[in-house]
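In: Okay, here's the prediction I keep looking at, along with the sequence it came from:
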Amino acid sequence: MEIFKNLVDGVNNLLWGKNILVVLLIGAAILATLGTKFMQFRLLGPILSVFTNEEKKENGISSIETFFLGTACRVGAGNIAGVVAAITVGGPGSLFWMWLVALFGAATSFIESTLAVIYREKNKDGNYIGGTPWIIRKRLKLGWLGGLYAIASIICYIGVTQVMSNSITESVASAYNIKQSWVSITLTVIVAAIIFGRGKKDVIITSLNKIVPIMAGLYLGVVLYIILTNISSIPMMIVDIFSKAFGTKEIAGGAIGIVIMQGVRRGLFSNEAGSGDSNYAAAVVDIDQPAKQGMVQALGVFVDTLLVCSATAFVVLLAGAKNVTGVQGMILNGKELSGMALFQEAIKSHIGIVGLPFTVVVIFFFSLSTILAVTFYGRNALNYLTEKTGINIVYQLLIILMVYIGGVKQNFFVWSLADFGLGIMTVINIICLTPLAKEAISELRKYEIILKEENRKLKK
């Protein structure tokens, strides 16, 4: 066991500590943006139109449903704790670099998701299935490498499940002085009921179709209220974000690197563009145009970083939180705070005593949706290795067990395990899929012809 821990720590220090993943992800994002001729900007209208033009599928899975699935995986408790950590260490300027990463990363997500649709296949039940492992096997003929990616996925998702479970139970237990084990049992029952529920469609897809709009609407609605009630402070906040992103003080003090890296890392690790994660969602859609599904997942990157991550940062910055030299956290209302405590204090300063229960509800929805999404992704990854129903049931039972274990006690090695799996996934995904980008670009050109024809008919 000690050897395995050392291996995990060694790989994490190499990939995350030396910023190897950051370099790979930025490189892939720039190449994808140039290769698609800035499609995320040129085709923003068609990207957004998925919500107005999409038809609901009676049995098959629609683009909107895969959007909710992908968003559920991207948007978790890390969109609060991670963003707060970024602006605490890197200051307000970090947010600018998060935005920049999302704008370029959307093209990466388009490329990989389009390829996922191109190389998907149908399982024994007649449903679409696919993702990065299938692309590697079918296109590159490297089935063993696809298997390694699938195994890394499962390791990552087991770790993420425990982390998200602990986020829920700790927030509820600390807020209402309830025994954490009781909260964990309740959460475990909820997750088990959803996972093993029955319906016309996959019950996880159906559940996320309801949960994601609620959680996004609730969170963004409150943030909109905060913005409107602090409207006079918005211009100064924006100026502060941009000035600190390129500030002379930061450059002179040598802190500009910290500002940039905090924003870049938070943006990359939040929207997951380049990891291949969203490919598991993209592949299951009932759609004829691969490029259209690529656009759906590109939109997910925008929503994650430009909306949700920005919302979290705005809550803290508009509350008046300040970075002070020599202070580990930020100063807010005369207190030195960091992490979730800083976010809770910021919310409380905006909306009063309801801030605490609001924070608990938000963390519950964010974390539960992530648990369900990674359970779905993990099932797909396991299906690449074996389609035996019994093995898949065992995996789902393992996930439920991890929900309980993570809910009872925080395990820092599990965090490392999640980072380890995601790191391996990202390296394999970028190295294997970047050379195949031309195929996705070709699909984009075909779809652009269809869009032009549709526009021509509308003008008649």
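Out: Done, it's in.

In: Show me the strands in the stretch 51-200 of the chain, by range?
Out: For the stretch 51-200 of the chain, the strands defined by DSSP state E, counting those that start in this stretch occupy 121-122, 128-129.

In: Highest mean neighbour count out of those strands?
Out: Highest mean neighbour count of the strands of the stretch 51-200 of the chain: strand 128-129, a mean of 18 (counted as mean count of other CB atoms under 10 Å). Every C-beta, even on glycine, is put in place using the N, C-alpha and C of the backbone.

In: As TSV, the strands of the stretch 51-200 of the chain with distance to Q396 would be great.
Out: Listed next are the strands of the stretch 51-200 of the chain as TSV, based on distance: least, CB to CB, whole Å:
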stretch	distance to Q396
strand 121-122	21
strand 128-129	16
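
In: between those, which gets nearest to G329?
Out: strand 128-129 (44.9 Å; CB to CB).

In: That closest one pairs with which strands, and in what direction?
Out: Applying DSSP bridges to the sheet, strand 128-129 is found paired with strand 121-122 (antiparallel).

In: what about the partner strand, distance to the chain center?
Out: Put simply, strand 121-122 sits 25 Å off its chain's centre (CA atoms, centre = their mean, to the nearest Å).

In: which other residues reach that strand?
Out: Under the contact criterion CB atoms under 8 Å, 6 or more residues apart in numbering, strand 121-122 has outside partners Y128, I129, G130, W134, K138.

In: Could you tell me the per-residue confidence at the third one?
Out: It stands for G130. pLDDT, G130: 90.

In: Tell me who's in contact with it.
Out: Contacts of G130 by CB under 8 Å, 6+ apart are A116, V117, Y119, R120, E121, N279, Y280, A282, A283, V284, N380.

In: ok, so what distance separates it from A321?
Out: As judged by CB to CB, to the nearest Å, G130 and A321 stand 43 Å apart.

In: Likewise for the fourth one?
Out: Separation of W134 from A321 (CB to CB) stands at 45 Å.

In: in stretch 272-284, what's buried?
Out: 272-284 (16 or more other CB atoms under 10 Å).

In: Could you work out the most separated pair of those residues?
Out: Of all pairs in the buried residues of stretch 272-284, the most separated under CB to CB is G274 and V284 at 20.2 Å.

In: contacting residues for I227?
Out: I234, F314, L318.

In: any weak-confidence spans in this structure?
Out: Within the chain, the ranges that satisfy pLDDT under 70 run 1, 50-60, 73, 76-78, 199-202, 247-270, 325-328, 411-412, 459-460.

In: From the contacts of G130, pick the one nearest E454.
Out: Of these, the one sitting nearest to E454 (CB to CB) turns out to be V117, at 19.7 Å.

In: Just list the residues touching the residue lying closest to that closest one once chain neighbours are set aside, thanks.
Out: Of all residues not flanking V117 in the chain, P290 sits nearest, at 3.8 Å (CB to CB, 6 or more residues apart in numbering). The contact partners of P290, by CB under 8 Å, 6+ apart, come to T114, L115, V117, I118, A440, E443.

In: same thing with A152?
Out: F420, G421, L422, I424, M425, I428.

In: one more time with 7 Å
Out: G421, I424, M425 (CB atoms under 7 Å, 6 or more residues apart in numbering).
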